[in-house]
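Novice: Sharing a sequence plus its predicted fold:
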Amino acid sequence: PAAVLYIVYRIVLFILKKKNITFSAHNLAKFSAAYMLASLSAGVVLLKLWNYPIFAKEVNEKPVSSQFYKENYVDPFTVKITAPKIKRNLILIFMESMESSYATVKDGGVFSENIIPNLARTAKENINFSANNLIGGGFNLEGTSWTGAGLISKLTAVPYFNPFIAENGKVYCLRHALSLGDILKSQGYNLVFSMGSEKQFENRDAFLEGHGFDVHDIVWYKEQGFISKYYRVFWGFEDLKLYEAARLELTELAESDSPFCYGMLTVDTHFPYGYKCALCKDEFSHPMMNVLRCADSQVNEFINWCRRQSWFSNTTIVIMGDHCYLNAPENNFIAECTSLPKKQMEERRRFFNLIINPSPEIDIDAGKNREFSSFDMFPTILECLGNQIEGGRLALGQSLLSKNPTLVEKYGEKKVNKEIMKRSIEYERLR
């Protein structure tokens, strides 16, 4: 990123020189300093977000056999999964950058005022997995901490570690791994995944379509006439329209005799400042907090709409943050606005999770005092639909409805991060 900005900087200076536009030495120094700061900031953000130097080094290492995978990876293809007689519908909502930390301090978050009052209230009334008795969430492990990685890890229970392979002009993603979509497809579900951006970004199409989903993205919606072919805001189209599309598509899916799994990926709350739509109000001093409050209101209205539908009694809703908010220099609203010391604040930063209306035999009070990660959501979601998983483990995930320890409970966050970021023969086989 720094190199790109430097090239832009040189091009700008060249154009100005051609047009005989000159700067004083003082102004030129300020102009150059601004570009240097922007370059440095962009570089720091990207390197910090994805720990790129470490990741790049490990990806290019020779794969070796991993004792960690041998001891902890359970091949889902070998696990007996018993489907319920009456299959439940599933709505999966991946909310961009949604954290449990946005709640109040007394509820388990880091703020004096609740940014997500509706989600916090609904979490108290339903299943919210947490490390204590307050509202909480899962660890943002390496290889799970951006959108593409969040989708893969939560639906397949393995990290994003160079999961793609290209053959004969086509990109594949974890062809030899079993994902939530694969299992539901084999059980007769109709699967749709909706997003307001392009599905090709981060090869999300390769993952989702390769594991059972029909993907409806901005291009698809334009082809269907849902939005104008010239329409574009932010990453594509805003969540207000995404929820409109979801209502239409869920109504159509519910007319079928087959169960459905409808996935959604919101985007308005994307780093760094989010997208302020027509519904957003100015209730906070920081723009990101206003967008989060608006997202909380929109998803609450959508949940209430679902509750009023005839199909809701047999439908489970799962809401998860795709990952935690990506901090940036000069724009870490969480650190700026929290009332907690830094260490305590960081300890409470977890991706949000909420399960509404699970299978009737599930105890809605079962979610507390658990340390977990994205990997554990895959088997947990399946069991919340009424499936019985022999042993409760799939890939690197442990169902949180079981009393068996998760990887982070067994080894700790630091150890798990170290092991999953090694290039292994076992992971390569999944590609």
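Specialist: Nice, I can see it. Numbers count the residues shown, from 1 in each chain.

Novice: in this protein, which ranges drop under the pLDDT threshold?
Specialist: Residues of the chain that meet the criterion pLDDT under 70 lie in 1-57, 328-330.

Novice: what about the strands in it?
Specialist: Taking DSSP state E, the strands of the chain run over residues 81-82, 89-95, 137-138, 164-167, 170-173, 190-195, 214-216, 260-265, 315-321, 351-356, 388-389, 393-394, 397-398.

Novice: Which one of those lies nearest to residue 123?
Specialist: strand 351-356 (5.2 Å; C-beta to C-beta). The C-beta positions use only the backbone N, C-alpha and C, and glycine is treated the same way.

Novice: what are the ranges of the helices in the stretch 301-431 of the chain?
Specialist: With helices called from DSSP state H, counting those that start in this stretch, the stretch 301-431 of the chain shows them at 333-337, 342-347, 377-384, 407-411, 413-420, 425-428.

Novice: Please apply the same query to the stretch 51-200 of the chain.
Specialist: Going by DSSP H, counting those that start in this stretch, the stretch 51-200 of the chain shows helices at 52-59, 67-72, 117-125, 147-156, 180-186.

Novice: Look up how far residue 285 lies from the closest residue to residue 202 other than its chain neighbours.
Specialist: Excluding its sequence neighbours, the residue lying closest to residue 202 (C-beta to C-beta, 6 or more residues apart in numbering) is residue 148, at 3.6 Å. As judged by C-beta to C-beta, to the nearest Å, residue 148 and residue 285 stand 32 Å apart.

Novice: okay, the two: which has more neighbours?
Specialist: residue 148 (20 against 10; other C-beta atoms under 10 Å).

Novice: tell me the most buried of the helices of the stretch 301-431 of the chain?
Specialist: helix 377-384 (a mean of 26; mean count of other C-beta atoms under 10 Å).

Novice: Which other helices and strands does that one contact?
Specialist: In this structure, helix 377-384 packs against helix 147-156, helix 180-186, strand 315-321, strand 351-356, strand 388-389, strand 393-394, strand 397-398, with contacts taken as 3 or more C-beta pairs under 8 Å, 6 or more residues apart in numbering; DSSP states H and E.

Novice: In a markdown table, list the helices of the stretch 301-431 of the chain along with distance to residue 103.
Specialist: Formatted as a markdown table, the helices of the stretch 301-431 of the chain follow (distance: least, C-beta to C-beta, whole Å):
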| stretch | distance to residue 103 |
| --- | --- |
| helix 333-337 | 12 |
| helix 342-347 | 13 |
| helix 377-384 | 20 |
| helix 407-411 | 21 |
| helix 413-420 | 21 |
| helix 425-428 | 35 |
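
Novice: now for those helices, which one comes closest to residue 140?
Specialist: Residue 140 sits nearest to helix 413-420 of all the helices of the stretch 301-431 of the chain, at 9.3 Å, using C-beta to C-beta.

Novice: what angle sits between that closest one and helix 147-156?
Specialist: Per axes from the mean of the first three to the mean of the last three C-alpha atoms, to 10 degrees, the angle that helix 413-420 makes with helix 147-156 is 90 degrees.

Novice: Tell me which other helices or strands helix 413-420 touches.
Specialist: By 3+ C-beta pairs under 8 Å, 6+ apart, helix 413-420 packs against helix 407-411.

Novice: Which other helices and strands does the helix it packs on contact?
Specialist: For helix 407-411, the elements it packs on are helix 413-420, judged by 3+ C-beta pairs under 8 Å, 6+ apart.

Novice: what does the helix it packs on contact?
Specialist: Contacts with helix 413-420, where a contact means C-beta atoms under 8 Å, 6 or more residues apart in numbering, come from 66, 68, 139, 141-143, 159, 161, 373, 396, 407-408, 411.

Novice: Pick out the residue nearest the middle of the chain.
Specialist: Among the residues of the chain, the one closest to the centroid is residue 322, at 1.2 Å (C-alpha atoms, centre = their mean).

Novice: For burial, what's the neighbour tally of the closest residue to that one other than its chain neighbours?
Specialist: Closest residue to residue 322 apart from its sequence neighbours, by C-beta to C-beta, 6+ apart: residue 150 at 3.7 Å. Neighbourhood size, residue 150 [other C-beta under 10 Å]: 26.

Novice: Check residue 391 too.
Specialist: Neighbours around residue 391, by other C-beta under 10 Å: 13.

Novice: Distance check, the closest residue to residue 338 other than its chain neighbours against residue 227.
Specialist: Distance criterion C-beta to C-beta, 6+ apart; nearest residue to residue 338, sequence neighbours excluded, is residue 110 at 4.2 Å. Residue 110 sits 37 Å away from residue 227, taking C-beta to C-beta as the criterion.

Novice: which of the two has more neighbours?
Specialist: Taking other C-beta under 10 Å, residue 110 and residue 227 do not tie; residue 110 has more neighbours (24 against 17).

Novice: looking at it, that one is touching residue 348, isn't it?
Specialist: Yes: using C-beta atoms under 8 Å, residue 110 is in contact with residue 348, at 5.3 Å.

Novice: check contacts around residue 291.
Specialist: Taking C-beta under 8 Å, 6+ apart, one finds 268-269, 273-276, 280 in contact with residue 291.

Novice: Name the member of these that has the highest neighbour count.
Specialist: Result: residue 268 is most packed of these (other C-beta under 10 Å), 26 neighbours.

Novice: Next up, phi/psi of that residue, please.
Specialist: Main-chain dihedrals, residue 268, degrees, to the nearest 10: phi -60, psi -30.

Novice: Hmm, residue 237 and it touching each other?
Specialist: No: the pair residue 268 / residue 237 is not scored as a contact, 10.2 Å apart, by C-beta under 8 Å.

Novice: do you know how far residue 120 is from residue 113?
Specialist: From residue 120 over to residue 113 (counting by C-beta to C-beta), the distance is 11 Å.
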